[in-house]
Structures are given as structure tokens and as C-alpha cells.
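**Student:** Fold the following, please.
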Amino acid sequence: MTIRDAINRGYNLMGTAIVAISGFAFFPEFFTEDELTHKLDEGVLFLLALGSIAWYLTGKHKFSRTIVPILFTATALVMKLLAFFVFETGDPADLGDEFGALILFVITLAFLIWQYVSIKRIAAKEEAEVALVGSSR
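**Tutor:** The predicted model follows:
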């Protein structure tokens, strides 16, 4: 495993793990919600959790520099925003449990975007150093 592979693996693990853990953590609410539209966001988060785990564990995805963890997190954020502004509007008790997830996904999305951009800079710096060492021989 190269340094770049290790960095990419850590980035991909962070993104998929947060989506997976939150999907499993919020899933019990699926059984306590009384309306189908209120169950939808927890159900989708659970499916995103399963999808993110499957994506990470299959093939060599975990070693690639990809936006997939950003897409999983953005989808989770959009689902919680829909729940907050559309599905659960008018029910203050149900709206209260969305705040934590919204904060989690906004912070995670910002962190993943920053990491994605930073990994590109690190890779460019590494390539420049390798080229410099190669040309000095």
C-alpha cells in the first residue's frame, strides 16, 4: 500500500463510517414514527448506511480518490432537509430530532470536501517531489 492509498482509504473510511453509523443510530426511530412520511428519512438513512458499507468493502474503492463519500453524505443531508422542511413540517415533536442529524451531516460534508481538496494538493506535491528526485539521478 502506498502513502496515497493509505490517505485515500482514511478519507473514504471517514465518510462511509459516519453515514453508516448515523444510519444505524437513527434507524430505531423508524419503528417509533407514526406516519409513513416520518419514517421515510430514517429508512433512507438506513439504506444509505448499507450502501456505503457495501461500496467501501467491495472492490478497490477504498483506495481511490473519489467523491462517493461526499455523495453519500450529501444524500443523507438532503434527506434530513426534506424531512425537516417537507415531511415533518407542522409537527414540532418530530422536527426536534432532525437538528442533530442536520448538524452532523453539514459538518461531515464540509470536512469531506476539505479533505478531498487537500488530498489533491498532497498528491500534486508528492508527484512533484518524485519528479524532482527522478530528474536528479
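**Student:** Contact partners for L40?
**Tutor:** M79, A83, F87 (C-beta atoms under 8 Å, 6 or more residues apart in numbering). Every C-beta, even on glycine, is put in place using the N, C-alpha and C of the backbone.
**Student:** Number of residues surrounding S64?
**Tutor:** Per other C-beta atoms under 10 Å, the neighbour tally for S64 reads 14.
**Student:** any weak-confidence spans in the protein?
**Tutor:** 92-96, 130, 136-137 (pLDDT under 70).
**Student:** Counting by contacts, list what the helix ranked longest in the chain packs against.
**Tutor:** In the chain, with assignment by DSSP state H, the single longest helix is helix 99-135. For helix 99-135, the elements it packs on are helix 3-26, helix 68-82, judged by 3 or more C-beta pairs under 8 Å, 6 or more residues apart in numbering; DSSP states H and E.
**Student:** hang on, the earlier thing: may I see the contacts of L40 arranged in a markdown table, with distance to R65 and neighbour count as well?
**Tutor:** Output for those, formatted as a markdown table (distance: C-beta to C-beta, whole Å; neighbours: other C-beta atoms under 10 Å):
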| residue | distance to R65 | neighbour count |
| --- | --- | --- |
| M79 | 25 | 21 |
| A83 | 31 | 25 |
| F87 | 35 | 21 |
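**Student:** Out of the residues you listed, which comes closest to Y56?
**Tutor:** Of all these, Y56 sits closest to M79, with 19.5 Å by C-beta to C-beta.
**Student:** Could you double-check that the closest one lies in contact with G43?
**Tutor:** No. Using C-beta atoms under 8 Å, M79 is not in contact with G43; the gap is 9.4 Å.
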